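Enquirer: with the sequence up front, the predicted model follows.
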Amino acid sequence: MDYAVVIQGLQKRYGAVTALRDITLAAPRGEIYGLLGPNGAGKTTTIRCLCTLSKPDGGRLEVDGISAIDQPREARRRLGYVAQEVALDKILTGRELLRLQAALYHLPRPLAQERIETLLTQLGLQDYANQKIGAYSGGLRKRLDLAAGLLHQPSVLVLDEPSVGLDIESRFILWAFLRQLRQNGTTVLITSHYLEEIDALADRLAIIDKGRVIAEGTPQELKNRVGGDRVALKIREFTPLEEAQKAEVLLKSLPFVEEIIINGAQGNTLNLIVRAKSNGLSQIEQTLLNQGLPLFSLAQSRPSLDDVYLAATGQTLLDAELAGAAQRDLKAEKKQAMTA
């Protein structure tokens, strides 16, 4: 397979903290490749190393066969990078900013003008091109930032959390544009902690957790690996643990139930893995009712990327996000206490 991006054994440390531990992945040319994981998993650090914005402590990074470590300038020519935080000069108009960006790329003026007008049209920015960027909405700023990253027609476009803060309309416009880029042969590398975004866009993906790749493949391959259907149920809106454990014992006796996990972070929800297409919801409900355990909610679904993450780590992506946020808050409190 022809790969546009190859990352092998990537390592990165910040003092005593190891951010990346032997990250290895490869993005095929002309596809959308997703990096999925909670905030703090190492996604942004990975792409910053790839885009030569951060120096790795070990490993191999290649863009179109060019080493981003040994030949950073050549690698950057092939890359377009759109960061999560949009930092645009608010006193310029959209068209003025793109002209400035084109000059930084040393594009000939006629060619620059042609590309600017094309991108403004493709991203629906024509009506706003002569307005000050300070008056742009978050969605418009994101689209303008994307246009700036594409002016030099990179073979690989890298997007860090592109949908954060966007409304639904802007998100769908962005998704449609990325699919068009792929159709035209551009390789897109996208990081996200939104399951639906990666599931909707990515041809292949790597799930990253705590600086490691824990799963890699197409979305369907990863879902197939985790086995049967998923059933989520609650006895009550906030189920007492003893009731959840009683239900666990009862449901383990059913022949089509393969595994049960009690998720305390979601009100002691019981997450069951059952044989595919077993259609056992009525039997599950009757088994619990016979023992005086009424159901608050019950749903069956095919495996999702969150199930893949749950199978690999023992927690859902939401749980990981909440745990990471709690750790960051605790560190901030400790730092504030030390400086007080």
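Expert: Perfect, I can see it now.

Enquirer: Val158: helix or strand, and which one exactly?
Expert: strand 156-160 (DSSP states H and E).

Enquirer: any idea which helix or strand comes after that strand?
Expert: In the C-terminal direction from strand 156-160 (assignment by DSSP H and E), the next one is helix 168-183.

Enquirer: what's the following helix or strand past that following helix packed up against?
Expert: Note on helix 168-183: by DSSP H and E, the next helix or strand toward the C-terminus is strand 187-192. Applying 3 or more C-beta pairs under 8 Å, 6 or more residues apart in numbering; DSSP states H and E, one finds that strand 187-192 contacts strand 3-14, strand 17-28, strand 32-36, helix 43-50, strand 156-160, helix 168-183, helix 195-201. Any C-beta I mention is one placed from the backbone N, CA and C, and that applies to glycine too.

Enquirer: name the stretch among those that sits most buried.
Expert: strand 32-36 (a mean of 27; mean count of other C-beta atoms under 10 Å).

Enquirer: distance between that strand and the chain's centre?
Expert: 6 Å (C-alpha atoms, centre = their mean, to the nearest Å).

Enquirer: name the helices or strands packed onto that strand?
Expert: Using 3+ C-beta pairs under 8 Å, 6+ apart, strand 32-36 is in contact with strand 17-28, helix 43-50, helix 168-183, strand 187-192, helix 195-201, strand 204-209.

Enquirer: mean pLDDT and distance to Leu298 added to the ones you listed, as a markdown table?
Expert: As requested, the helices and strands packed on strand 32-36 are exported to a markdown table (pLDDT from 0 to 100; distance: least, C-beta to C-beta, whole Å):
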| stretch | mean pLDDT | distance to Leu298 |
| --- | --- | --- |
| strand 17-28 | 96 | 37 |
| helix 43-50 | 96 | 34 |
| helix 168-183 | 91 | 29 |
| strand 187-192 | 96 | 30 |
| helix 195-201 | 92 | 22 |
| strand 204-209 | 95 | 28 |
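
Enquirer: let me have these in JSON lines, extended by distance to Leu151.
Expert: Listed next are the helices and strands packed on strand 32-36 as JSON lines, based on distance: least, C-beta to C-beta, whole Å:
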{"stretch": "strand 17-28", "distance to Leu151": "22"}
{"stretch": "helix 43-50", "distance to Leu151": "19"}
{"stretch": "helix 168-183", "distance to Leu151": "14"}
{"stretch": "strand 187-192", "distance to Leu151": "16"}
{"stretch": "helix 195-201", "distance to Leu151": "22"}
{"stretch": "strand 204-209", "distance to Leu151": "27"}
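
Enquirer: would you mind measuring from the closest residue to Arg48 other than its chain neighbours to Ile208?
Expert: Nearest non-adjacent residue to Arg48, counting by C-beta to C-beta, 6 or more residues apart in numbering: Ser54, 4.1 Å away. Per C-beta to C-beta, to the nearest Å, Ser54 is found 16 Å from Ile208.
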